[in-house]
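Asks: when you get a sec, could you give me coordinates for this:
(chains A, B, C and D)
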Amino acid sequence: MDRIRGLLGERILEMTNPAVRRIFLTLAPQDLVWALGRLKADMGYWHLSTISGVDLGDAFEFLYHLTDDLPGSLHVRTRTPKAEARIPSICSVIPGAVLYEREVQEMFGVVVENIPDNRRLLLSDDWPDGQHPLRKDWKHVRPEEKIPGGKS
Amino acid sequence: MKVQIPIGPQHPALKEPIGLRMTVEGEVIHDADLRLGYNHRGVEKVAEGRSYIQNLYLTERICGICSHSHSTTFAQGAEILFEIVPPKRGQFLRYLVSELERVHSHLLWLGVAGHEAGFDSFFMYVWRDREIVMDILEMISGNRVHYAINTIGGVRRDIDEAQRTKILDLLAVLRARTSFYLNLGTTEPSFVGRLAGVGYLSKEDAMSLCAVGPTARASNVPRDVRKDDPYGIYDEVPFEVCTADTCDVLGRTVVRIKEVLQSYDIMEYLLRNLPAGPVAVKAPRRPKPGEIVSRYEAPRGENIHYIKSNGTDKPERLKVRAPTLGNYAATIAMLKKGFIADIPLIFAAIDPCICCAERSVELVDSRSGRPSVVRWSELRRMAGRRAARDSKKRNVEWPL
Amino acid sequence: MRIGAFIPELLRHLFKKPATVDYPFKKLSPPEGFRGTPYLHPETCIVCRACERDCPAEAIEIVELSAAEKRFRLTIHNDRCIHCAQCVDSCPTDAMRMDDKYEIAAFSRWDLKAAWEYVRAVVKPKAPAPAPAAPAPSANPPSDNG
Amino acid sequence: MAALKPLLYVFVYPGLLFLFAYGTFCEWFDRKVYARLQNRMGPTHTGRWGLLQPVADFVKLMAKEDVVPEKADKGLFTALPVVGLAVVATAMLLVPVWHVSPTASGFNSFSGDIIVLLYLLSLPTLIFFLAGWSSTNLFSTVGGTRVLTMLFGYEVPLFLAVLSPALLAGSWRLAEIAAFYQARPLLLLVNLPAFAISLVCVQAKLERTPFDIPHAETEIVGGTFTEFSGKKLAFFRLMTDIELVVSSGLLATVFLGGFPGGVGWGFVQFILKTLFIIFLLSLMRAATSRIRVDQVVSFAWRFLAPAAVGQLLLVILLKGFMP
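Replies: Next up is the predicted model:
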């Protein structure tokens, strides 16, 4: 933790350690690429497990789950307001992130800047634009189940 | 002449639908592209509307092969949120099942690899012996596929002494058979000829493209959550991380068989040192608010669940990352400059579990939003109409 | 590298008994503890609705037929059941059980539903009520019974 | 009576009727042995021990809907299965079963019939290629090119290997070759390497594992047969079965001393020897994994062809020393 603090210094907004070998770090979106580059180069955090997004109501929170050869994992958190959701692409640092960024982009409707490939990943091609299923205000209404036939 | 060959969404090499599009020239692949999303179930969204105990079974159904891995990952995370610790015997049994599942998954993969390479006898024999593992699992848990042995706070079933000795006996049989397959898989010339040098993924690529599991380990990246971030009982069980430096499909085969052999060691340790006591503790209904990241080494690689709780009996957010998704980027890199004949092998070598990787959104009927029953005749007419419309758009024209 | 490395193993099995079973004509029996189809023992059911609430597939539906008589109808939608046996675990009075049938396919989804009509039993739970089922039966009405 | 005899040859024995029955039996035998080698059961329930399973498959396919792709060359697409069946059935007439006397030659036994037979056996390969190419499907096209690529690999070693016993016998007539080895059975041992080479080549010709590359299902779906359905597919399958019978009959004639002994015993010998060869082919199928098409060609030219040439040299030397 101290090494991370020394490495990133002032730009850390918040750092917690809620469980064994788990470090949560909060950064501003514009510092993300720089910070991940430093973490990769100096601390060996080269592996991005995934990006998870959470809808907080009026903002989105994105967690970049990083691991390295050392025990434990680092979770870099960043927040962006829902009205103008933008996060930078980290593909320049970690090329394998593109799939996760595509997923986040279509699920939350956030704009990932400079993403090398912004096609849809999981949703079908004819999915309507502007529908982002993992937002909390996107409600899925389960259709009534119809079983063919019937008790005669 | 460059030709685009569609592999999937329906193709004999794929056990689940995925769209691979290969640009080939002759037999050599020049480019590969991937389209996911044929297998959506919306697990993450559904999980937000269900209680923790229901989600346990939901996560189990993320995958059919590594079902235990997802439910264990979820249970591990939930137990931290609930602030309970499962008893020792429960943990031993939980990770016993998890190693059994690893064995069954790797043997399944080995058989599939044999089948993809056209080595059907190998496939039949491996799967015959895989039945032993399936029988053990069925005996322990009551089902062959969805073991449902986990509960929040431990496991649901105990094993007795007779079962313990029986499992140990069967493990000895399995160990002999697995050694035979290791020997066979690396000596049969036609099989080795198909595997060696295929799907090269250098160590640097494996690292930068975030490969996980046996795919990474075969490229000499010793990543194993069980060692790196020991969960459960893995900090007290002796085992080794198997790696290979050949960086090809043969290496992935060898890594998997060696891991199976390691799993036998782990299981024997667990069974011989099985502590007495209860197998589960009672869990409260609502956890404390908080968030947790749970990691687990599934047979295919690292499983990661991010659970955020808001204090109610339903999780605020459940994010699931299955290992296969992490390997797709690496697969594309592996496919380039390969032969058409290698596609199934390379693709199978990451042990893809497509329904694991795609779990995000429930699709009712993407076109109209309402479920509709289409008559056969209607379907044929639609197909005909579509063919008439699309026939001119075919990018490959008949060359003669 | 050894040419024909597999041949001895193959020939050894040529006249052995096959490992497969001639399935629809010969059947293997499932092991003890096999999770088949859930069924109800109406004599012991106290209608605590623990099974209904915990069922991950929402396959159990309990309807009150008559409040005065305390008559209930419990329907198990086996077309939705995922055979996880959580209802067996949740049941405080051992009224839910699993049989060991494994050939449970049917031609219509309606044929798969099983229903029991019964009067609520007054049985003391064997164990002190299990933790997940602790709240009052009707405190948590099922979200939707689909 | 004399006019009836050729008709009998063509339609009953060893013509179409016998070929249909024996071809399906051989497919059953192959499947059963393959299954038993893998510790499985194989066909069990259609007829006694599943004997009628290939027939049932054939009948079922005949009853299925027949789809011709829109862009395919319809004439060629339809004609190919029939032509292929005709070619292999014709080839069977040249295999010297009991009705041929080594001395008298007739319409189905003449000097040089071994060459004709080999050429007739090459034709199915071309037909498979045309079948793949004419169906315009991507997978079929890839399969078709693979068929031709493989042809360049195995055809030369096969010819060389089959011709070396003929050279030793000093005859280009199958019946005479068989008679030569019946008189001197020990000389068969000389040809053992050629027998092995031709077994491998026949396996490749029949497109069975390890050489089932043109219709490798995990790579290119059905390969050449992707677009074929119904009756056409049934004909192709029957054609493959008959090709199996004819090629094993050829190998049995040339390498195992033919089928002497008149009507009854000759027939029994024919069955036993062909089944022995089919057993070897099944064993090879079970013991190997499919290889890549480039590996087939390099394997054939690096190992099979030199070995076949060596065998030929051996035979020539031996012939020089022989009286």
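Asks: can I assume residue C:114 sits in a helix?
Replies: No. Residue C:114: not assigned to a helix; according to DSSP: H, G, I helix; E, B strand; the rest coil it is strand.
Asks: tell me which stretches of the chain form helices.
Replies: Because you didn't say which chain, this covers chain A. Assigned helices in chain A, in chain order: A:2-8, A:32-38, A:98-108 (criterion: DSSP state H).
Asks: my question was about chain C, not that one.
Replies: Per DSSP H, chain C carries helices over the ranges C:7-12, C:50-54, C:86-90.
Asks: those: lowest mean pLDDT?
Replies: Looking at the helices of chain C, the lowest mean pLDDT belongs to helix C:7-12 (a mean of 78).
Asks: out of the helices of chain A, which one sits most buried?
Replies: Most buried of those by mean neighbour count (mean count of other Cβ atoms under 10 Å in any protein chain shown) is helix A:98-108; its value is a mean of 24. (C-beta placed from N, C-alpha, C; glycine too.)
Asks: who are the packing partners of that one?
Replies: strand A:47-55, strand A:111-113, helix B:323-335 (3 or more Cβ pairs under 8 Å, 6 or more residues apart in numbering or on different chains; DSSP states H and E).
Asks: give me the sheet partners of the shortest one and which way each runs.
Replies: Put plainly, it is strand A:111-113. strand A:86-88 (parallel) (DSSP bridges).
Asks: report the buried residues of the strand it pairs with.
Replies: Judged by neighbour count using 16 or more other Cβ atoms under 10 Å in any protein chain shown, the buried positions of strand A:86-88 are A:87-88.
Asks: need the contact partners of that strand.
Replies: A:29-30, A:32-33, A:62, A:78, A:80, A:104, A:110-114 (Cβ atoms under 8 Å, 6 or more residues apart in numbering or on different chains).
Asks: for chain B, which residues score under the pLDDT cut-off?
Replies: By pLDDT under 70, the low-scoring segments of chain B are B:1, B:8, B:37, B:354-400.
Asks: show me what residue of it gets nearest to chain D.
Replies: Residue nearest to chain D within chain B (Cβ to the nearest Cβ): residue B:118, separated by 2.7 Å.
Asks: report how many residues lie close to the nearest residue to residue B:57 once chain neighbours are set aside.
Replies: Nearest residue to residue B:57, sequence neighbours excluded (Cβ to Cβ, 6 or more residues apart in numbering or on different chains): residue C:56, at 3.7 Å. Per other Cβ atoms under 10 Å in any protein chain shown, the neighbour tally for residue C:56 reads 21.
Asks: what's stretch B:197-207 in contact with?
Replies: With contacts defined as Cβ under 8 Å, 6+ apart, stretch B:197-207 is touched by A:46-47, B:211, B:215-216, B:218-221, B:247-250, B:252, B:330, B:333-335, B:338, B:342, B:345-346, B:349.
Asks: what mean pLDDT would you report for stretch D:256-272?
Replies: For stretch D:256-272, mean pLDDT rounds to 77.
Asks: circling back to that earlier point, mind putting the helices and strands packed on helix A:98-108 in TSV, mean neighbour count and distance to residue C:66 included?
Replies: Output for the helices and strands packed on helix A:98-108, formatted as TSV (neighbours: other Cβ atoms under 10 Å in any protein chain shown; distance: least, Cβ to Cβ, whole Å):
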stretch	mean neighbour count	distance to residue C:66
strand A:47-55	25	45
strand A:111-113	17	59
helix B:323-335	25	53
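Asks: pLDDT score for the nearest residue to residue A:113 once chain neighbours are set aside?
Replies: Nearest non-adjacent residue to residue A:113, counting by Cβ to Cβ, 6+ apart: residue A:88, 5.1 Å away. Confidence at residue A:88, expressed as pLDDT, is 79.
Asks: flag every residue of chain D that's near chain C.
Replies: D:33, D:35-41, D:44, D:283, D:286-288 (Cβ under 8 Å from any Cβ of the partner chain).
Asks: of all the helices and strands packed on helix A:98-108, which one comes closest to residue D:130?
Replies: Of all the helices and strands packed on helix A:98-108, helix B:323-335 sits nearest to residue D:130, with 30.7 Å by Cβ to Cβ.
Asks: next, see if the top helix by length along chain B gets close to chain D.
Replies: Criterion DSSP H: the longest helix present in chain B is helix B:88-116. Yes. Counting by Cβ under 8 Å from any Cβ, chain D has neighbours in helix B:88-116: B:114-116.
Asks: mind putting the residues you listed in JSON lines, neighbour count included?
Replies: Listed next are the residues of helix B:88-116 next to chain D as JSON lines, based on neighbours: other Cβ atoms under 10 Å in any protein chain shown:
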{"residue": "B:114", "neighbour count": "27"}
{"residue": "B:115", "neighbour count": "22"}
{"residue": "B:116", "neighbour count": "28"}
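Asks: can you add distance to residue B:100 and mean pLDDT and give the helices of chain A back as CSV?
Replies: CSV is the format used below for the helices of chain A (distance: least, Cβ to Cβ, whole Å; pLDDT from 0 to 100):
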stretch, distance to residue B:100, mean pLDDT
helix A:2-8, 39, 67
helix A:32-38, 38, 79
helix A:98-108, 31, 77
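Asks: and the residue nearest the centre of chain C?
Replies: residue C:38 (2.9 Å; Cα atoms, centre = their mean).
Asks: which parts of the chain are strands?
Replies: I'll assume chain A. In chain A, the segments counted as strands under DSSP state E are A:14-19, A:22-27, A:47-55, A:59-67, A:73-81, A:86-88, A:111-113.
Asks: wait, I meant chain B there
Replies: For chain B, the strands defined by DSSP E occupy B:2-7, B:19-25, B:28-35, B:150-151, B:154-155, B:290-298, B:301-309, B:315-321.
Asks: for the fourth one, name the packing helices and strands.
Replies: Going back to what we said before, that points to strand B:150-151. helix B:52-60, helix B:67-82.
Asks: near chain A at all, the last one?
Replies: Yes. Helix B:67-82 comes into contact with chain A when judged by Cβ under 8 Å from any Cβ, the residues involved being residue B:80.
Asks: for the stretch 1-150 of chain D, give me the ranges with low pLDDT.
Replies: D:1-3, D:5-6, D:9-14, D:98-108.
Asks: where does it get nearest to chain B, which residue?
Replies: Across the stretch 1-150 of chain D, the shortest distance to chain B (Cβ to the nearest Cβ) belongs to residue D:38, at 4.0 Å.
Asks: ramachandran angles for that residue?
Replies: Main-chain torsions, residue D:38, degrees, to the nearest 10: phi -100, psi 10.
Asks: and it, how far from chain A?
Replies: From residue D:38 across to chain A, the span is 39 Å (Cβ to the nearest Cβ, to the nearest Å).
Asks: so that residue is in contact with residue B:119, correct?
Replies: No. Residue D:38 lies out of contact with residue B:119 (Cβ atoms under 8 Å); the separation is 10.9 Å.
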